[in-house]
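Colleague: Got a sequence here, can you build the structure:
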Amino acid sequence: MKKLMMALAFVGLCTAANAQCDEFATPTTNKYSVATNSFWSNWFVQAGVDANIVSIFGQGEFFKKDWHNGRSYGFDLAVGKWFTPGIGVRGKINWENGAFYHAFRNLDHVWEMPNAHKGGYAAIYFDTEFNMSNIFCGYSDTRVWNLILYPRMGVIRNFGANNYTGALGGGFESAWKISKRVGVYLDGALVFTTQGFNPAVPMSTEDKWWRSNPLTSIDLGITYNI
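Modeller: Numbers count the residues shown, from 1 in each chain. Okay, the predicted model is just below:
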């Protein structure tokens, strides 16, 4: 009898210990926690159309001249990944004005991007994205709208000028969730290029630093979460 009582006590002790371990092993949900994921998780692709304003005139005449004469239109494709709910990266390709040259070349309010008939220009951008909604309000599966900010760097190929130029700037993305996989976004950015982007202003021209051609872009498109 004594051995039986000792065996029952031992079983009871083990059961209590296991229950306590299970209690501590139960994960807690914290919307502010930072969780990383595997390399193959949380990828997304984007496709959109845009309008760009190229400030070729400078000297504070953005609305007087640049808006009227510096508009161009293009396509955008991007692929990116969220490493955490708040931090991600995105690579983006923009082809500007070349595809729309024939459609708009007879409109006097659309500036023909330098030698647009040769293809306009193409840009490759790299963005580091910060989801401000998740960073400050915590991650939520049910959130419909997210605000994303990003610094940007890249390289632009001007087909008409037959040269490359660096680009540095930043922007924001206003993203709306439609379903688990699909969303829409409105993207705005401002980047600055080197002086050689505009073939009308040779890179050796003195006192023309303001002709570095800042590019203002508005992009509207669809996001698909892989």
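Colleague: Who does the helix or strand hosting G188 pair with, and is each partner parallel or antiparallel?
Modeller: Assigned by DSSP states H and E, G188 belongs to strand 182-193. Strand 182-193 pairs in its sheet with strand 163-177 (antiparallel), strand 215-225 (antiparallel), by DSSP bridges.
Colleague: Give me the buried stretch members for the first one, please.
Modeller: It stands for strand 163-177. Residues of strand 163-177 classed as buried by neighbour count (16 or more other C-beta atoms under 10 Å): 165, 167, 169, 171, 173, 175, 177. (C-beta placed from N, C-alpha, C; glycine too.)
Colleague: so who does the residue lying closest to the third one once chain neighbours are set aside touch?
Modeller: Using C-beta to C-beta, 6 or more residues apart in numbering and skipping residues adjacent in sequence, the residue nearest G169 is V191, 3.2 Å away. For V191, the contact set (C-beta atoms under 8 Å, 6 or more residues apart in numbering) comprises 125, 152, 154, 167-170, 214-215, 217.
Colleague: can you do 7 Å?
Modeller: Taking C-beta atoms under 7 Å, 6 or more residues apart in numbering as the criterion, V191 is in contact with 152, 167-169, 214-215.
Colleague: does P151 have beta-bridge partners, and which?
Modeller: G170.
Colleague: and it, how many neighbours?
Modeller: For P151, the neighbour count with other C-beta atoms under 10 Å is 13.
Colleague: can you map out the strands along the chain?
Modeller: 43-54, 71-82, 87-97, 120-131, 145-158, 163-177, 182-193, 215-225 (DSSP state E).
Colleague: Tell me the confidence at G120?
Modeller: Per-residue pLDDT puts G120 at 79.
Colleague: Equivalent analysis for Y32, please.
Modeller: Confidence score, pLDDT, at Y32: 53.
Colleague: Use 837 as the first number for this chain going forward.
Modeller: New numbering, starting at 837: the last item is Y868.
Colleague: Next, format the strands paired with strand 1018-1029 as CSV and append mean pLDDT and distance to S908.
Modeller: Listed next are the strands paired with strand 1018-1029 as CSV, based on pLDDT from 0 to 100; distance: least, C-beta to C-beta, whole Å:
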stretch, mean pLDDT, distance to S908
strand 999-1013, 93, 15
strand 1051-1061, 94, 9
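Colleague: Can you say which of those strands is nearest to T920?
Modeller: Among the strands paired with strand 1018-1029, strand 1051-1061 comes nearest to T920, with 15.3 Å by C-beta to C-beta.
Colleague: can you list the residues that contact that closest one?
Modeller: 880-890, 912, 1011, 1017-1027, 1029.
Colleague: Looking at the contacts of V1027, which is nearest R907?
Modeller: When these are ranked by distance to R907 (C-beta to C-beta), L1051 comes first, at 11.3 Å.
Colleague: Just list whatever residues bridge to the closest one.
Modeller: Beta-bridge partners, per DSSP bridges, of L1051: V890, V1027.
Colleague: which residues touch the closest residue to N970 other than its chain neighbours?
Modeller: Nearest residue to N970 in three dimensions, chain neighbours excluded: P921, at 4.2 Å (C-beta to C-beta, 6+ apart). The contact partners of P921, taken as C-beta under 7 Å, 6+ apart, are 967, 970, 975.
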